[in-house]
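Enquirer: predicted model, plus sequence, below.
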Amino acid sequence: MKLTILGCYAATPRSFTNPTSQVLQIKNHLFLIDCGEGTQVELRRNKVKFSKIKHIFISHLHGDHFFGLVGLISTFRLLNREKELHVYGPKGIKQAITLQLKLSNSWTNYPLYFHELESKEPQLIFEDEKVSVETIPLKHRIYANGFLFKEKPGERKLNMNACLQHEIDVVYYRKIKAGGDAILDDGTVIPNKELTFDPDPPRSYAFCSDTIYKPDNLPQLKDVTFLYHESTFLEAHAKLANPTGHSTAREAGLMAKGANAHYLILGHYSTRYPDLTLFANEAKAVFENVLTADDGKVFDFDELPV
């Protein structure tokens, strides 16, 4: 489980910062979350393989979160992509993208599917045998969603010493890992708990940008492992947060505390501030485990204790 930050700054891009986009690697998936201007350049810079991206999640239709999408879709065409691509985003995203493709005569030569979102309640939008993705209703100046990515419980781990001691044939290992008991030739039943260890606890990642402080989301975020939450402003400019549909670093900390999150990752910083430690210090006043996103930064979740 790994998160690569391609961009994490608010609004206008600068020569040394990028608007929102990130890649979540989870259970053999490579999910692209938001696609601000310059995303495909940052994908190249961070050596992310384009061909592995099959699902793109767009939080809302402000330019700094999706203006890079049509360029990326067009580049996939130039690279002779054949795999299908799924885009999840607010209603209107299909019209916005297909109009540009139509006017530029740049229709894709691969299957392109849009999954448009309208619900203001949490909604399951993707699921397979290893991971699920739900929307997190946000409150911004326009319709917006965050996304909650959750691992499903894995197989149990074999206690090889116990399996060898009972002389259990390897052909039964898969059944045992799936939770089954073992039956010996003489009919003796060996309970699964004697042959296996518990699997690693499933982890989760919540992406919340852009939104005002919204504590009614806390039940959905309860015990989330990693919470990315926007922190556009510091408390010194708190009066700007609600009118613009954003949060402060302290409010992000309160969300992490209320959710009993393991880690808080701050991002979507206003470019008015010169030092990211200001955001971390403010959030740490209410929540201990604070990390700061930055362009090009990689969080290897496997290396963080939970």
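Expert: On my side now, so go ahead.

Enquirer: gap between the two ends of stretch 105-113?
Expert: By CA to CA, to the nearest Å, the extent of stretch 105-113 from end to end equals 18 Å.

Enquirer: next, the buried residues of that stretch.
Expert: Buried positions in stretch 105-113, judged by neighbour count with 16 or more other CB atoms under 10 Å: 108, 112. Every C-beta, even on glycine, is put in place using the N, C-alpha and C of the backbone.

Enquirer: can you check stretch 219-236 too?
Expert: Within stretch 219-236, the residues that count as buried by 16+ other CB under 10 Å are 220-221, 224-234.

Enquirer: any idea what the nearest residue to residue 168 once chain neighbours are set aside is bridged to?
Expert: Leaving out its chain neighbours, the residue that sits closest to residue 168 by CB to CB, 6 or more residues apart in numbering is residue 182, at 5.2 Å. When bridges are called by DSSP bridges, residue 182 pairs up with residue 190.

Enquirer: not including adjacent chain positions, what is the nearest residue to residue 141?
Expert: Using CB to CB, 6+ apart, the nearest residue to residue 141 is residue 245, at 4.3 Å.

Enquirer: let me fix that: residue 77
Expert: The shortest distance from residue 77 to any non-neighbouring residue, by CB to CB, 6+ apart, is to residue 108 (5.1 Å).

Enquirer: and for residue 145?
Expert: Nearest to residue 145 is residue 135, by CB to CB, 6+ apart, at 4.2 Å.

Enquirer: before we move on, which element is the one you found in?
Expert: Using DSSP states H and E, the element containing residue 135 is strand 131-137.

Enquirer: got a list of contacts for stretch 284-302?
Expert: Outside of stretch 284-302, the residues within contact range by CB atoms under 8 Å, 6 or more residues apart in numbering are 1-9, 16-18, 22, 42, 45-46, 203, 205, 225-226, 228, 250, 253-254, 256-257, 261-267, 276-277, 279-280, 283.

Enquirer: actually stretch 22-33, sorry about that
Expert: Residues from elsewhere that reach stretch 22-33 (CB under 8 Å, 6+ apart): 1-8, 21, 34, 39, 43, 46, 48-49, 52-57, 59, 130-131, 133, 147, 149, 151, 205, 207, 228, 293.

Enquirer: buried residues, that stretch. List them.
Expert: Of all the residues in stretch 22-33, those buried under the rule 16+ other CB under 10 Å are 22-26, 29-33.

Enquirer: first-to-last residue distance for it?
Expert: Counting by CA to CA, you get 5 Å between the two ends of stretch 22-33.

Enquirer: what's the mean pLDDT across that stretch?
Expert: Averaged across stretch 22-33, pLDDT comes to 97.

Enquirer: which ones are touching the residue nearest to residue 264 when sequence neighbours are not counted?
Expert: Spatial nearest neighbour of residue 264, excluding adjacent residues (CB to CB, 6+ apart): residue 256 at 3.7 Å. By CB under 8 Å, 6+ apart, the residues touching residue 256 are 227, 229, 263-264, 283, 287, 289-290.

Enquirer: farthest pair within those?
Expert: 229 and 289 (12.7 Å; CB to CB).

Enquirer: show me whatever sits in contact with both of those two.
Expert: Applying CB under 8 Å, 6+ apart, one finds that residue 229 and residue 289 are jointly contacted by 256, 264.
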